[in-house]
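Peer 1: Provide a 3D model corresponding to the input given below.
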Amino acid sequence: MKHLKSLLFAAALLIGATSFTSAQSKVAHINKEELIKAMPAYTAAQGEITKLGKTYEAQIQDSVKELDAKLKQYNAEAEAQTQEENQRRMQEVEGIKQSIAQFQQNAQQDMQKKEFDLLKPILEKADKAIETVARAQGYQYVLDSAMLIMADGKDLMADVKAHLKI
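Peer 2: Now for the predicted structure:
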């Protein structure tokens, strides 16, 4: 009876150890942000976004200059105008300020949309490359090393860059 218990215990240990080793997964890591920033398409997208931002900034600066000129003119002429005319001019100035603020808000939204539209295919290409390289090397999981506290596993950066030819 004691021999049977020992045999069952040994069999249970063997089965447990076998299932434990087969349950272990291969894990790798990569700094996805670093990979994306190394991609030529990312640099081109950032250039487009910067150019668009400068265009909007120039338009806003022109509008602010026009507003300042109008304010100076209205302030210089205020004594010669009627109360009603000065009131109308101040309402006009407030309307211009509101339209500049609205334009700034629309420009910000447009830039965010443009950035999303430009970066989405880049992110998808990076994800696909990471997945392709990880599968080819037999990894079940790939973690973003930017969020890891400890990363002793395989770093796929060089392999993925080679796959993307960057």
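
Peer 1: Would you mind stating the distance between the nearest residue to residue 156 once chain neighbours are set aside and residue 64?
Peer 2: Leaving aside its sequence neighbours, residue 156 sits nearest to residue 30 (C-beta to C-beta, 6 or more residues apart in numbering; 4.5 Å). In this view, the C-beta of every residue, glycine as well, is placed from N, C-alpha and C. Separation of residue 30 from residue 64 (C-beta to C-beta, to the nearest Å): 45 Å.

Peer 1: out of the two, which sits in the busier spot?
Peer 2: residue 30 (26 against 13; other C-beta atoms under 10 Å).

Peer 1: mind checking how far the helix ranked longest in the chain is from the chain centre?
Peer 2: Longest helix in the chain, counting residues (DSSP state H): helix 83-136. In terms of C-alpha atoms, centre = their mean, to the nearest Å, the centre of helix 83-136 is set 14 Å apart from its chain centre.

Peer 1: next one: phi and psi at residue 140?
Peer 2: Per-residue torsions, residue 140: phi -90, psi -30 (degrees, to the nearest 10).

Peer 1: Let me see the contact set for it.
Peer 2: 25-27 (C-beta atoms under 8 Å, 6 or more residues apart in numbering).
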